[in-house]
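**Student:** Whatever this is, show me its structure:
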Amino acid sequence: MKPLSECRLYAFVDQTSLRGRAPDEVARQLCRGGTDLIQLRAKQSSLEEISRMARAILPITRASAVGLVINDHFSIAREVGAEFCHLGQEDFFGAGYSHISQLSSPCRARTKRRRVDPQLRIGLSTHAPEQARRALDAAADYLAIGPVYATGTKPNAKPVTLDYVRWAAANVSIPWFAIGGINLDNVEEVVAAGARRICVVSAILNSDDIAATCRRFRDRLGK
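**Tutor:** Here you go, the predicted structure:
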């Protein structure tokens, strides 16, 4: 896959938006549309089901040089050989971790200063500058900045607005992705606020032509 710094479009295989489509087929359409990363998010599935879906998707993403991100489950990401795992604030800091290296082994004490599995990179969700600073101190590989707008994917989450996007553009030096309620009607104002990378869930998965919608987002992101 291309370097994370060059990734622009981050799409999802979200269990709640499959609309009867097979996860691997959705992944195939996302790859055809030119996404750079695909996150598998299946919060209502068992660990066995998530692992099975990941194993079906991984050959598709690998063939297209697209990075696969496993949501929530570090052990599954490592087990199947995914390139990334994405964790929320509660999944990481709420679970008692303070540095990414602590995830790499059941024995945290032995991994405080090194990462046992350097190939698996970690993204962290952030919703405010103080959370972003903490995630940077924890050595996250990328940050999610949002939700920028209200989103049905996380209806109880308060929008951070474009102000947080502007703050991230001025203060975050590692790759970061604006996320939350981004669609073809508002993506240009997100880019104008300083975002070079975006995550899109519903606006792509709810479309009738996933690949074509991906391409339209890529066009809006520019070069």
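**Student:** What about the nearest residue to Ala42 once chain neighbours are set aside, how many residues nearby?
**Tutor:** Counting by C-beta to C-beta, 6 or more residues apart in numbering, Ala42 lies nearest to Gln15, which is 4.0 Å off, once chain neighbours are set aside. For glycine as for every other residue, the C-beta is placed from the backbone atoms N, C-alpha and C. Neighbours of Gln15 under the rule other C-beta atoms under 10 Å: 17.
**Student:** Number the residues from 9 up from this point.
**Tutor:** Happy to do that; since the first residue is 9 now, the last one works out to Gln23.
**Student:** So Gln23 is in contact with Val34, correct?
**Tutor:** No - under the criterion of C-beta atoms under 8 Å, Gln23 makes no contact with Val34, lying 10.2 Å away.
**Student:** where does Glu57 land in three-state SS?
**Tutor:** Judged by DSSP: H, G, I helix; E, B strand; the rest coil, the three-state class of Glu57 is helix.
**Student:** One more: Ala165?
**Tutor:** coil.
**Student:** wouldn't it be in contact with Ala152 here?
**Tutor:** No - counting by C-beta under 8 Å, Ala165 does not reach Ala152; the two are 11.6 Å apart.
**Student:** ok, Gly154 - contacts?
**Tutor:** Neighbouring residues of Gly154 by C-beta atoms under 8 Å, 6 or more residues apart in numbering: Ser133, His135, Val168, Tyr172, Ala186, Ile187, Gly188, Cys207.
**Student:** burial count for Gln52?
**Tutor:** Gln52, neighbours per other C-beta under 10 Å, totals 9.
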